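Novice: got a sequence here, can you build the structure:
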Amino acid sequence: MIRPRTGWNGLGLAELWRARELVLFFAWRQVLVRYKQTVLGVAWSVLQPLSLMAVMLVVITLAKRGGNHGAVWILAGIVPWQFFATAVSQSAGSLVGQIPLLTKIYFPRLIPPVASVIAALVDMAISFSLLLAVMAIFHDQVHVQPLALALLPLLALLAFVTALGIGLWLSALNVAYRDVQYLVPFLIQIGMFASVLFPASITSGTWYTVLGLNPMAGVVEGFRYAIVGGNSPSNLVVLSSVISLSLLVSGLAYFKRAERTFVDVI
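Specialist: Numbering: from 1, shown residues only. This is a model prediction of the structure:
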């Protein structure tokens with residue numbers, strides 16, 4: 001029996017937990033579909049961050065911002081950002097991509113966007129292996145901060161929360177407004193420069209506050225601090241955490257509100 005729910009129960013989190021096996025099935029199915037009939041397969045998870053690292057290294061060197069901003073510094077920012085970009089892109093179109101299922105059977109509507117973010121974790125794990133290899137090659141650039149390194153799983157969780165919050169907003173909006181599919185690539189492109197090329201030399205002032213409103217800035221700088229060292233981005237991480245949680249709560253609330261009309265407008 002499907003009945004309307006109110007209050008916190010209306011968010012459907014308990015129902016989502018009961019359907020956790022279905023969530024993992026959706027996530028694994030998305031991973032398989034992503035690499036199906038590809039020549040390189042999961043190697044794309046290595047080639048994408050590797051090529052981005054090479055391009056940014058050339059750009060930063062030509063701009064005379066080299067020095068401590070070497071290959072490890074760049075890749076440490078690309079790994080969490082690549083996860084975020086993949087998760088948001090996939091989750092934004094997750095509901096529209098499941099039209100036959102949405103219109104024929106009932107299942108928790110949170111599953112497609114949540115599964116999309118979980119599936120992106122596979123790419124992140126592969127990319128992190130690449131980061132470890134680059135750290136071993138350019139060991140002179142590595143200045144590990146033990147405490148911050150231990151907090152990397154929490155920073156990864158923060159990236160997950162950020163991607164899920166934005167993914168919930170965009171997936172629900174994409175059902176009613178297909179303009180979202182054109183907006184997402186633009187936002188990701190702008191966000192890459194605001195996050196991965198976030199100027200670590202700026203530690204205060206107006207620009208620090210403006211750039212700090214990007215929730216991924218704290219994640220990226222946290223990863224870099226843990227591996228390369230430098231100025232502690234603790235204030236930035238706190239600000240990113242507040243914004244990320246706000247995005248998750250508001251995204252979940254909007255998603256559940258819009259869910260009632262998904263089948264009618266999709």
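
Novice: quick one: low-confidence ranges for the stretch 51-200 of the chain?
Specialist: 59-69, 198-200 (pLDDT under 70).

Novice: quick one: the helices in it?
Specialist: Using DSSP state H, counting those that start in this stretch, the helices of the stretch 51-200 of the chain run over 71-92, 99-104, 111-137, 146-150, 152-176, 180-195.

Novice: who's in contact with residue 222?
Specialist: Counting by CB atoms under 8 Å, 6 or more residues apart in numbering, residue 222 touches 148, 151-152, 155, 158, 233, 236-237. C-betas here are computed from N, CA, C, even on glycine.

Novice: how about a cut-off of 7 Å?
Specialist: By CB atoms under 7 Å, 6 or more residues apart in numbering, residue 222 lies in contact with 148, 155, 233, 237.

Novice: and the residue nearest to residue 192 when sequence neighbours are not counted, how far is that from residue 98?
Specialist: Among residues not flanking residue 192 along the chain, residue 81 sits closest, at 6.2 Å (CB to CB, 6 or more residues apart in numbering). Per CB to CB, to the nearest Å, residue 81 is found 26 Å from residue 98.

Novice: how about residue 150?
Specialist: Distance of residue 150 to residue 98, computed by CB to CB: 38 Å.

Novice: higher neighbour count, those two?
Specialist: The neighbour comparison of residue 150 against residue 98 (other CB atoms under 10 Å) goes to residue 98, with 17 against 10.

Novice: got a list of what that one touches?
Specialist: Taking CB under 7 Å, 6+ apart as the criterion, residue 98 is in contact with residue 112.

Novice: which of the three states applies to residue 240?
Specialist: Per DSSP: H, G, I helix; E, B strand; the rest coil, the secondary structure class of residue 240 is helix.

Novice: my read is that it contacts residue 158, right?
Specialist: Yes: between residue 240 and residue 158 there is a contact at 6.5 Å, judged by CB atoms under 7 Å.

Novice: overlap in contacts of those two?
Specialist: Joint contacts of residue 240 and residue 158 (CB under 7 Å, 6+ apart) are residue 219.

Novice: could the contacts of residue 222 go into JSON lines alongside distance to residue 197 and neighbour count?
Specialist: Compiled in JSON lines, the contacts of residue 222 are given as follows (distance: CB to CB, whole Å; neighbours: other CB atoms under 10 Å):
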{"residue": "148", "distance to residue 197": "21", "neighbour count": "20"}
{"residue": "155", "distance to residue 197": "18", "neighbour count": "22"}
{"residue": "233", "distance to residue 197": "15", "neighbour count": "25"}
{"residue": "237", "distance to residue 197": "18", "neighbour count": "22"}
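
Novice: would you mind putting the residues you listed into TSV with distance to residue 113 alongside?
Specialist: Shown next, in TSV, are the contacts of residue 222 (distance: CB to CB, whole Å):
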residue	distance to residue 113
148	30
155	21
233	28
237	25
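
Novice: residue 29: neighbour count?
Specialist: Residue 29 has 12 nearby residues by other CB under 10 Å.

Novice: and it, how far is that from residue 115?
Specialist: Residue 29 sits 8 Å away from residue 115, going by CB to CB.

Novice: for the helices of the stretch 51-200 of the chain, which one sits closest to residue 25?
Specialist: Residue 25 lies closest to helix 111-137 among these, at 8.0 Å (CB to CB).

Novice: now that closest one: buried residues?
Specialist: 111-124, 126-128, 130-131, 134-135 (16 or more other CB atoms under 10 Å).

Novice: with stretch 16-35 instead?
Specialist: Using 16+ other CB under 10 Å as the test for burial, stretch 16-35 gives 16, 19, 23, 26-27, 30-31, 34.

Novice: chain center to the helix or strand containing residue 216, what's the gap?
Specialist: Element membership of residue 216, judged by DSSP states H and E, is helix 215-228. Remark: helix 215-228 is offset 13 Å from the chain centroid, using CA atoms, centre = their mean, to the nearest Å.
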